[in-house]
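>>> Here's a sequence, model it:
(2 chains, ligands or ions: 2)
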Amino acid sequence: MYKYDDYDQQIVDERVLQFKDQTRRFLAGVLPEEEFLPLRLQNGLYVQRFAPMLRIAIPYGMVSSTQMRKLAHIARRYDKGYVHFTTRQNLQLNWPRLEEVPEILAALASVQMHAIQTSGNCIRNTTTDQFAGVAHDEIIDPRPWCEIIRQWSTLHPEFAYLPRKFKIAVCSSEQDRAATQVHDIGIHAFLNENNNVRFKILAGGGLGRTPMVGSVIKPSLEPEHLLSYLDAVLRVYNRYGRRDNKYKARIKILIKALTPEVFADKVETEWSYLKETAARLPHQEIDRVQSFFSEPDYEELTNINLTDLALSAEPDFQLWLRRNVHPHKKPGYSAVTLTLKATADAPGDASAEQLEAISDLADQFSFGELRVSHEQNLIFADVPQNRLHELWLKLRPLNLATPNQGLLTDMICCPGGDFCALANARSIPLAKSIQRRFDNIDFLHDIGELDLNISGCMNACAHHHVGHIGILGVDRKGEEYYQVQVGGASGHDASLGKILGPSFKMDEVPDVIDKILRTYVELRTPEERFIDTCRRVGVQPFKEKVYAKVA
Amino acid sequence: MPKLLKDQQIRNDDFQIRQQGPKEPFLPEGNVLLHVSSIVHAIKANGQHKGQVGIWFDSSDEPETVTHTLNQFPVIAVNFPGFFDGRGYSLARLLRERWDYQGDLRAIGDILVDQLYYLKRCGFSSFRLREDQNPDYALAALTTFSGNYQTAADQSIPVYRLRHQL
Ligand code: HEM
Ligand code: SF4
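Ligands and ions are numbered 1, 2, ... in the order given. Now for the predicted structure:
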């Protein structure tokens, strides 16, 4: 994992002092609210329905047990004893006090963490695959590149006041687990015919009001030019992105207006001036950052037959092995997902006690490191297979062994009307009622892989457009209603879902989902996942079933 | 008179800024900044006028067509209609790095203490502060950070080169 040197530490420490002074001036009435606003946003601080909300960066989802213990401490000391993990591999505190935020930031800096640029119209936290470094289908490790991008984007003087927020995701495996096609910039690493690392650059993806899948603007980029190329993209966007209407201000609108080809040309021209400047990355720095992501001290192990292992133990353990244990590039090791989706917990929430227990387990089972996934779960990346059962036994009493990774109840859900001032409708109570309705684990396993995403409004914080089933909160004459769509997906084969028809009341939604699932069960071929059936048959059969008049 | 932060000092900014207009601009006595749409007049007046003549760009202007004339002017200004309009940061870097402007590059308009550090990094050498800004805070703001992660238009060597003594 990356470790700060004196330069990194000093920048973060000086940022804390800067914000402390800005907060002091705001509280003293010297700095007006509208001028403090972008400053606090760029330090992670929103002001929400009931209280401020602080979003803390977990760069590309990597966090150590030491950092996690500090987060637990912060949750207890400055908040109500729990935290919320987001779809951008970040963490949110829902109840901090504005006066105490500089103190929280100082506590974070003491463990090499920060909240810089976690909101506001600037370059946000760069995200990647939660299985980076251990995935069996990985081409290169994306994390050094994420760290290089993190440093470049941090306090970038030219791009702090963009037309709108800007999100970058990196993927370097066969399967895209970082939703790169729906980011402002998606970076795909690959090896060219001479086995050299190259990046394919996509731009203009995004969800929100106008969901779009990104276009390739550069098929092959040499790594040492990554930062100058990003500078060029951002500069074209900064100068020409719309600033008159915040709903049309994302880069996707600019690229659509210009066409991807014209946009790519403009970037190319800009880049031709930048590429041979000091913005070119020295190979020493690439080597240095890569050295932090070398392999941990793996033991020499051989793969265990997981089917045999499953048969030797409890049935619940079998289910967990099937769903929550993932292949690993090292023989004898597996990656394990702890879903933060137990029935009756808000999706993505974890208590301070859970965080501490998880930190201890990370030390015992996974080299003291954890990952946060964009599905709002936590991951132990390096667990020896011969200790999986032991780990499972320890996770169970913590309510962290729910065997539902990738299943219906492992849903992605935004804070919605319970916390968010922009919401049309609540999402957490709906998530809970769906979890309660579908808590038969055998049924869930029979349905198999299914992404359910719930957003409380069209800002799409829960990526409902790319859920296999997506639910969107809408406002109908002041009442909460939910629109349902099917057929979205977020991987390499990203697609946007199609709306079924008129929206539903909250208590109708579990029935609607039940009908959708039954339609799938009737129509599927033995090999088909839910999304495959959707693609083959289209939305019509689902529509007919859901809106059929009761005879 | 508005305050100008330049060369670590606060002084009065005696430049008069002429707004964009359709007609030949009237040049008052003393130092003056004309909008780039009057650049022909500015070039003519330069050297004959009593006082310095500079030009200013608004955040939506495109300096691309006048780049060869820039170094005739001792002062070029970029206007920030609102502090959240970030286009001026890119314009400044272009003026300095691409078009090699050597004179005094001035930030004008909604210039607040909390943006000065980034403005400086993008190549501005003087800052016409909004009237309500505290000059002492402004001076301090220029040295908020002692290291930087990126190259920009200032002299600062980015951390990724410093680390390797490049
Ligand atoms: C309660 C506080 C929150 C507020 C006020 C909020 C607000 C917003 C807004 C206004 C947008 C749309 C921006 C645009 O389209 O330009 C947005 C997008 C987004 N939010 Fe949130 N959000 C909140 C919490 C969250 C949480 C908890 C998550 C994670 C679970 C999240 C994840 C996202 C993501 C991933 C997007 C990007 C969608 C896209 O690609 O366009 N947000 N948010
Ligand atoms: S999707 Fe809407 S309701 Fe949900 S968190 Fe985002 S802005 Fe709030």
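>>> quick one: contacts for the residue in chain A positioned nearest to chain B?
When scored by CB to the nearest CB, chain A has residue A:161 as its residue closest to chain B, at 2.9 Å. Glycine gets a C-beta too; all of them are placed from N, C-alpha and C. Taking CB atoms under 8 Å, 6 or more residues apart in numbering or on different chains, we find residue A:161 in contact with A:38, A:121-122, B:83-86, B:89, B:115.
>>> can you pull the pLDDT of residue 132?
No chain was given, so I picked chain A. On the pLDDT scale, residue A:132 is placed at 94.
>>> sorry, should have said chain B
95.
>>> Same check on the one 4 residues further on?
In this model, residue B:136 is scored at 92, pLDDT.
>>> From the contact counts, what lies against the host helix or strand of it?
Using DSSP states H and E, residue B:136 falls within helix B:135-141. Secondary-structure packing of helix B:135-141 (3 or more CB pairs under 8 Å, 6 or more residues apart in numbering or on different chains; DSSP states H and E): strand B:3-6, strand B:9-12, helix B:116-121.
>>> so which of those comes closest to residue A:210?
Among these, the nearest to residue A:210 by CB to CB is helix B:116-121 (29.6 Å).
>>> so after the closest one, what's the next helix or strand?
Assigned by DSSP H and E, the successor of helix B:116-121 is strand B:126-128.
>>> Check which helices and strands that next one sits against.
So strand B:126-128, by 3+ CB pairs under 8 Å, 6+ apart, packs with strand B:3-6, strand B:104-109, helix B:116-121.
>>> and residue A:460, what does it touch?
Residue A:460 neighbours (CB under 8 Å, 6+ apart): A:207-209, A:211, A:472.
>>> restrict those residues to those near ligand 1?
For ligand 1, the contacts drawn from the contacts of residue A:460 by CB under 6 Å from any ligand atom are A:207-208.
>>> Relative to residue B:50, which of the helices and strands packed on strand B:126-128 is closest?
Of all the helices and strands packed on strand B:126-128, strand B:104-109 comes closest under CB to CB, at 18.8 Å.
>>> and the closest one, average pLDDT?
98.
>>> Check the offset of it from the chain's centre.
Centroid separation for strand B:104-109 versus its chain: 2 Å, with CA atoms, centre = their mean, to the nearest Å.
>>> Could you export that strand as CSV, CA atoms only?
Included here for strand B:104-109 are C-alpha records, laid out as CSV according to Å, rounded to 0.1, in the frame of the first residue of the first chain:
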residue,chain,number,x,y,z
ASP,B,104,2.8,41.4,-15.6
LEU,B,105,-0.2,39.0,-15.7
ARG,B,106,-3.0,40.4,-13.6
ALA,B,107,-6.0,38.7,-12.1
ILE,B,108,-9.0,41.1,-12.0
GLY,B,109,-12.7,40.8,-11.1
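>>> Strand partners (parallel or antiparallel) of that strand?
strand B:75-80 (parallel), strand B:126-128 (parallel) (DSSP bridges).
>>> The helix holding residue B:136: what's the following helix or strand?
Counting by DSSP H and E, what follows helix B:135-141 is helix B:159-162.
>>> Hmm, residue A:418 and residue A:429 touching each other?
Yes: contact criterion CB atoms under 8 Å: residue A:429 and residue A:418 qualify, at 7.5 Å.
>>> burial count for the closest residue in space to residue B:153 that isn't next to it in sequence?
Spatial nearest neighbour of residue B:153, chain neighbours left out: residue B:123 (3.2 Å); criterion: CB to CB, 6 or more residues apart in numbering or on different chains. Burial of residue B:123 is recorded as 23 neighbouring residues (other CB atoms under 10 Å in any protein chain shown).
>>> quick one, phi psi at residue B:123?
Main-chain dihedrals, residue B:123, degrees, to the nearest 10: phi 110, psi 0.
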